[in-house]
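Q: sequence unavailable; structure follows:
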């Protein structure tokens, strides 16, 4: 098993944390420091033994008050990573500190300080909205009133249903209640594992609005998502695939590093256009992007006019080609290009 | 492409579903044509799932009517179940069965003739490039492969319509695009595709799109027309304009 890969050079840390193993508590500007974390799952059944490398040599450092996004598809290792960061799962190797405390030795202290919203709805379905919130407040030895200002914006929308059982709430409302419960003890760090998965675009935007307001309260927020379009809402993002971090930077910087000129090609027969574009020599990659296709050409000899002409010969009369700025999704596909997607190592 | 003589595969007229005093689906009417890719959009709680359950013969209408492949949803739900395929992100394949076993199981459930199952399984595995995965447990396939297999299994019996309920949630961007190319191929073979999604770029890949707000269909047209009508650059903007008008806050 290879532990060091070519992509490692893309990761700017651990040098970011000034070379020390873990920054010492309050003097550091880092809230969460994750160094070379690896986690394998071994599945031993009478029929086969499989090892899945869920997280591999992951390193990053999140600054205090930062909104840090971990972006990647299902199965990339996001949940495993979150469970390690929140002291719920032990890594096979590597170290993690949260607010200067070690996740293995100081797990109790960390648990008192952080808020965690797991991907799967994990509140008490048979308790009402109000009762759930009270349980969480009491566990952390506080009251709803004490930190009401933190949840006020969100809780106001829930208040009409405070006597309703949590299990009977709609998806969007459950999500809001879960966020309130994770916030009620005024955590210094908030871990949100896929809070917007399966949520419609309007509610997703609303949720990110809430996070922006929490950021003003100086809470450090780590959030994971499979939706690439949410990347731009974060201060910095880590793109993750198959347990490995591909890049860490601001969304702007990642987008600006896209290595090729990118063209948007629009036509009135999108499906045929896609196939035809791929058949043209010099076209390096071609992916559908909404109502246009995004194309990179590997060959400098293929000009925009040349491409237009070739498409005309293939029967595309109304084609518009424009240069376009890459999105985080373009970058993600570029970084994972050519991977078969078969992640399981069989032993 | 859109001639009026095209065969209608799904037809809903004033289709309504009430749960007690709550109207989940409120008199929706629309037609879907053979070989069309129809995007069925709406916010969480707008009534999409309820409508889809009625159209797939799982739930009877309170009032109004609908036919799918010529069968009435209220009186012939069993015939409908045999004529359609269904795939959702949440439930698609059995993790603890091998690839071939999943195909075998669904082929049996959908009533594919016994003699045809083996040769068609071989053909499918070859088309997918899955020959080496025949005996792999589904749980150890990467998600992108699972989705492809789940879709192939849902159309293994060449259904008239395939219902896709958020088929691509959480899938990586390249696999998501791969998946849509499979959808295009199925539609080109004449299979009608009825799909929900929360990815607005995918709405652009549909021939026509309907947007539900509070149980009603508020808009139905091609993505190009919708963008023109709502003076929007993207389907995302169209969706936001319409979904914001929702007053249904807690379904």
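A: Sure thing, it's come through. What you see is a predicted model; the values in this text were computed from it and never measured. Numbering: from 1, shown residues only, chains lettered A, B, ... in the order given.

Q: residue A:57 is in contact with residue A:94, correct?
A: Yes. Between residue A:94 and residue A:57 there is a contact under Cβ atoms under 8 Å: 7.5 Å. For the C-beta atoms, the positions are set from N, CA and C on the backbone; glycine is no exception.

Q: pick out whichever of these two has more residues nearby.
A: residue A:57 (21 against 17; other Cβ atoms under 10 Å in any protein chain shown).

Q: mutual contacts of residue A:94 and residue A:57, please.
A: Common neighbours of residue A:94 and residue A:57, counting by Cβ atoms under 8 Å, 6 or more residues apart in numbering or on different chains, are A:36-38.

Q: which of the residues you listed are close to chain B?
A: Checked against chain B using Cβ under 8 Å from any Cβ of the partner chain, the shared contacts of residue A:94 and residue A:57 give no members in range.

Q: how about CSV for those residues, with pLDDT added?
A: Formatted as CSV, the shared contacts of residue A:94 and residue A:57 follow (pLDDT from 0 to 100):
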residue, pLDDT
A:36, 97
A:37, 98
A:38, 97
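
Q: could you identify which of these has the most neighbours?
A: residue A:37 (24 neighbours).

Q: may I have the secondary structure class of it?
A: Secondary structure assignment for residue A:37 (DSSP: H, G, I helix; E, B strand; the rest coil): strand.

Q: now the nearest residue to it once chain neighbours are set aside: phi and psi?
A: Spatial nearest neighbour of residue A:37, chain neighbours left out: residue A:94 (3.5 Å); criterion: Cβ to Cβ, 6 or more residues apart in numbering or on different chains. Residue A:94 adopts backbone torsions of phi 100, psi 170, taken as degrees, to the nearest 10.

Q: state the pLDDT value of residue A:94.
A: As predicted, residue A:94 sits at a pLDDT of 97.

Q: and residue A:48, by the same measure?
A: Reading off the model, residue A:48 has pLDDT 72.

Q: again, but for residue A:25
A: 46.

Q: run through the residues of the stretch 101-250 of chain B sitting next to chain A.
A: Proximity of the stretch 101-250 of chain B to chain A, by Cβ under 8 Å from any Cβ, involves residues B:137, B:140-145, B:166, B:169-175, B:177, B:180-181, B:184, B:188, B:198-201, B:204-205, B:223-224, B:234-236, B:239-240, B:243-244, B:246, B:249-250.

Q: give me that answer again for 6 Å
A: Residues of the stretch 101-250 of chain B found near chain A (Cβ under 6 Å from any Cβ of the partner chain) are B:140, B:142-144, B:170-174, B:177, B:184, B:198, B:200-201, B:204, B:239-240, B:243, B:250.

Q: what's the closest of the shared contacts of residue A:94 and residue A:57 to chain B?
A: Distance ranking of the shared contacts of residue A:94 and residue A:57 against chain B, using Cβ to the nearest Cβ, places residue A:38 first at 19.5 Å.

Q: chain A: helices as residue ranges?
A: Ranges of helices in chain A, per DSSP state H, are A:78-85, A:107-113, A:129-139, A:148-158, A:171-183, A:201-216, A:251-256, A:270-279, A:304-313, A:328-335.

Q: and the stretch 51-200 of chain A, which residues reach chain B?
A: Near chain B, when you scan the stretch 51-200 of chain A using Cβ under 6 Å from any Cβ, you find A:73-75, A:161, A:170-173, A:200.

Q: what about residue A:95, how many neighbours?
A: Residue A:95 has 17 neighbouring residues, counting by other Cβ under 10 Å.

Q: my guess is it contacts residue A:34, does it?
A: No. Using Cβ atoms under 6 Å as the test, residue A:95 is too far from residue A:34 to be in contact (7.9 Å).

Q: for the nearest residue to residue A:104 once chain neighbours are set aside, phi and psi?
A: Nearest residue to residue A:104 in three dimensions, chain neighbours excluded: residue A:90, at 6.8 Å (Cβ to Cβ, 6+ apart). Main-chain dihedrals, residue A:90, degrees, to the nearest 10: phi -90, psi 140.

Q: burial count for residue A:90?
A: Around residue A:90 there are 11 residues (other Cβ under 10 Å).

Q: and it, how far is that from chain B?
A: Going from residue A:90 to chain B by Cβ to the nearest Cβ, to the nearest Å gives 23 Å.

Q: and that residue, how far is that from residue A:97?
A: Residue A:90 sits 15 Å away from residue A:97, going by Cβ to Cβ, to the nearest Å.

Q: likewise for residue B:131?
A: Taking Cβ to Cβ, one finds residue B:131 at 48 Å from residue A:97.

Q: now swap in residue B:165 and tell me
A: Note on residue B:165: its distance to residue A:97, by Cβ to Cβ, is 42 Å.

Q: go on, residue A:54?
A: Counting by Cβ to Cβ, the gap from residue A:54 to residue A:97 is 21 Å.

Q: those two: who's more crowded?
A: When neighbours are counted by other Cβ under 10 Å, residue A:54 and residue A:97 differ, and residue A:97 comes out ahead with 27 against 24.

Q: beta partners of the more buried one?
A: On the basis of DSSP bridges, residue A:97 is bridged to residue A:33, residue A:102.

Q: surely it touches residue A:33?
A: Yes. Using Cβ under 6 Å, residue A:97 makes contact with residue A:33 at a distance of 4.9 Å.

Q: the spatially closest residue to residue B:134 that is not a sequence neighbour: neighbour count?
A: Nearest non-adjacent residue to residue B:134, counting by Cβ to Cβ, 6+ apart: residue B:100, 5.0 Å away. If you count neighbours by other Cβ under 10 Å, residue B:100 ends up with 19.

Q: work out for me the element residue B:100 sits within.
A: helix B:99-109 (DSSP states H and E).

Q: and that helix, which residues are buried?
A: Residues of helix B:99-109 classed as buried: B:99-104, B:106-107 (neighbour count, 16 or more other Cβ atoms under 10 Å in any protein chain shown).

Q: do the same with stretch A:159-168
A: Buried residues in stretch A:159-168, counted by 16+ other Cβ under 10 Å: A:161, A:164, A:166.

Q: now that stretch, how far from the chain's geometric center?
A: 29 Å (Cα atoms, centre = their mean, to the nearest Å).

Q: just the terminal-to-terminal distance for that stretch.
A: End-to-end span of stretch A:159-168 (Cα to Cα, to the nearest Å): 14 Å.

Q: show me what contacts the closest residue in space to residue B:226 that isn't next to it in sequence?
A: Using Cβ to Cβ, 6+ apart and skipping the chain neighbours, the partner closest in space to residue B:226 is residue B:238 (5.0 Å). By Cβ atoms under 6 Å, 6 or more residues apart in numbering or on different chains, the contact list for residue B:238 reads B:226, B:230, B:232.

Q: next, the first one: phi, psi?
A: This points to residue B:226. Dihedral angles (degrees, to the nearest 10) for residue B:226: phi -60, psi -40.

Q: that one and chain A: what is the separation?
A: For residue B:226, the distance to chain A (Cβ to the nearest Cβ) stands at 11 Å.
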